[in-house]
Each structure stands twice: as C-alpha cells, then as structure tokens.
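[1] Need coordinates for the following:
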Amino acid sequence: MKDYINKAKLLLESLPYIKKFYNTIMVIKIGGEPMINPTLKEYIALDIVLMKYVGIKPVIVHGGGKQITELMKKLGKKAIFINGLRVTDKETMNITEMVLTGLINKDLVGIINLHEGNAVGISGRDGNLIQAEKMRFPKNKDYGYVGKVKKINPEIIYTLIAKEFIPVISPVGIGKKGEAYNINADTAAGAIASALNAAKLIILTDVKGIYKDPEDKDSFLPTIRKTEIKSLIKRKIISAGMLPKVEACINALNSGVGKTHIIDGRIPHSILLEIFTEAGVGTEIVK
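    Next up is the predicted model:
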C-alpha cells in the first residue's frame, strides 16, 4: 500500500504543472540518439501520448541527419558538409525527403499510434506549412537545396489539433515553384513554435544541456536568460550543433513563446521530467 501512496503523491506533485499547461500547445523537436534508439523512441512516444491525455497539445518536429547519411552511403553517394551544413544537390534532396518524410516520419507516427496517440505525419510541403527559399551564403557558396524558413502557414496544424490529432512534421520546406528544400530541424521547430505562439519549445539532444565551461561538469546551467547567450556564443562555448538549437530558442522567445528547453533526450521520459518536475533534465532558456 505504501508504494501506491507514494505513486499517488508523485501524481499530485505534477498537478500544478498539468493545470498550468492544460490546453496549451508545446512544440517538441526530436533528433540525435532518440531518433535511432528504439527504446528511447518508445519512451518519447509514451511521453507524448501522456501529454495529450492530460490536456496538452503536442506538436512534433523531427530530424534525421544520421539516417540520411547512412542511406547516402549505402547508395554510394558521399555526404559533404561545409560549416556543419549538408551540401544538398538534387539527388541528395530526393534522398533527404525520402528518409525524413517517407521513413522516419512514418516510423514515429506508427510508434505513437501504437499507444493510441492518434498521430498524423506531414511534411513542411503539406498545406504550404513551411514556405522556404534558398539559403544564401557569403562568397557565393552554393549549398544546393539548403533552405531557410520564409513563412510558416500553421493552418494545417490547427486543423489537426482541433480534430485531436498529434501532428508529426518532417522539416522539408516548399519553394515558390513547388521545389523541396532541406530545412534545419531545430530552425523549423523554432519557427513553428513561434507561429503557434506555443507555451514551450522543447529540443531533445544528445547532451545534458548548456555549460558555462564545457570542461567543467559542475558549470552546468539549468536556467539561462537569453541576454546571457550572446556572450557564450562570442566565446565559442556555444558552437557547432548547439548553435542552431540555441538560435531557435532565442527566436522563439522573441516571438512570444513562453519558455524554451534544450534537454537530454537520452534520459528515459526526459520530456515528462522537464515539464512536470521542479528539477528538470536540461537547460531552460528564458526571457
């Protein structure tokens, strides 16, 4: 009986958070290890379904860079990166869309629906959701079909939410001529969170969060103000793959999103721990 009482206490501890976030939209970006580890994907799917059934409206955006590189290798095509960006010619764009929208998206939808989450998979091309344009780079460097978000048209997301579906979005944008563009998943998630005026943007990654000094594990920052971020970027403490995540968070905050979080997706049920507990499992970037 004591164990059941303790479980009841844990549920009651989450009650203030459930009340606070009831009927709000939260955008969750999934990438890295959680996208390739079946056990972690299962935990994430369960977290998302629980969120829905306590009255939160989750919107999922996913990446898939590792899987794209793996398929390119199998097809005999070498992946080329410059400054962390994948050079995306027409063939690479076709592979990217095939992996993101045709494979990863449907796999994630299937796992969520296995737990009765009622998920629907779409890409940024559906309903003109992610309207994109070719990204321009200094010195006229051409990365091919690497795009940037021009505009988010959230109507299709609102329609799905209204019918109690969970939207699962692959970050493929659509150009003015109907062409596909490869959009950074963190950037896409931030732009979608902004367009939806979400209560939270939660980015899952393969590290604990942000450190004041990456060499000092005791310098972990559970909370950081957006005004403090610029200094960490200037000192190159925030760089490489963490940079688009942080920039997505800052842009979302500037556009009215309540809070943003970069959390360790390798921890089981990390989403629930971040939303429904005081401690959390990552870094929250706040206004």
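[2] Name the nearest residue to Arg266, sequence neighbours excluded.
    Glu33 (5.4 Å; Cβ to Cβ, 6 or more residues apart in numbering). Yep, even glycine has a C-beta here, placed from its N, CA and C like the rest.
[3] helices and strands of this structure: which one bottoms out on pLDDT?
    Every helix and strand of the chain was ranked by mean pLDDT, DSSP states H and E. The lowest is strand 81-82, at a mean of 77.
[4] That strand pairs with which strands, and in what direction?
    Using DSSP bridges, the strands paired with strand 81-82 are strand 85-86 (antiparallel).
[5] Now do the helix or strand following the partner strand: which elements does it pack against?
    Where DSSP states H and E defines the elements, the next helix or strand beyond strand 85-86 is helix 90-97. If contacts are counted by 3 or more Cβ pairs under 8 Å, 6 or more residues apart in numbering; DSSP states H and E, helix 90-97 sits against helix 65-74, strand 180-182.
[6] switch to 10 Å and redo it
    Where contact means 3 or more Cβ pairs under 10 Å, 6 or more residues apart in numbering; DSSP states H and E, helix 90-97 is packed against helix 65-74, strand 85-86, strand 172-174, strand 180-182.
[7] Relative to Glu284, which of the ones you listed is closest?
    Nearest to Glu284 among these is helix 65-74 (24.7 Å), distances taken as Cβ to Cβ.
[8] contacts for that closest one?
    31-33, 35-36, 64, 77-81, 86, 88, 91-92, 95-100, 103-104, 107, 182, 184-185, 241 (Cβ atoms under 10 Å, 6 or more residues apart in numbering).
[9] Just the element for Gly55, please.
    Gly55 belongs to no helix or strand, assigned by DSSP H and E.
[10] Wait, it touches Met26, no?
    No - applying Cβ atoms under 10 Å, one finds Gly55 not in contact with Met26, separated by 11.2 Å.
[11] Please identify which of the two sits among more neighbours.
    Met26 (25 against 12; other Cβ atoms under 10 Å).
[12] what's the nearest residue to the more buried one if we skip its chain neighbours?
    That would be Lys200: by Cβ to Cβ, 6+ apart, it lies 4.5 Å from Met26.
[13] Then Glu133?
    Nearest to Glu133 is Lys150, by Cβ to Cβ, 6+ apart, at 4.8 Å.
[14] which residues touch the one you found?
    Per Cβ under 10 Å, 6+ apart, neighbours of Lys150: 130-133, 173-176, 181, 191.
[15] Looking at these, spot the one nearest Glu247.
    Using Cβ to Cβ, these come closest to Glu247 at Ala191, 11.0 Å.
[16] any idea how far that closest one lies from Lys245?
    As defined by Cβ to Cβ, to the nearest Å, Ala191 lies at a distance of 13 Å from Lys245.
[17] now swap in Val109 and tell me
    In terms of Cβ to Cβ, Val109 sits 24 Å off from Lys245.
[18] Those two - which one has more neighbours?
    Lys245 (29 against 21).
[19] re earlier: out of the contacts of Lys150, which end up buried?
    For these, a neighbour count by 16 or more other Cβ atoms under 10 Å gives the buried set as 130-132, 173-175, 181, 191.
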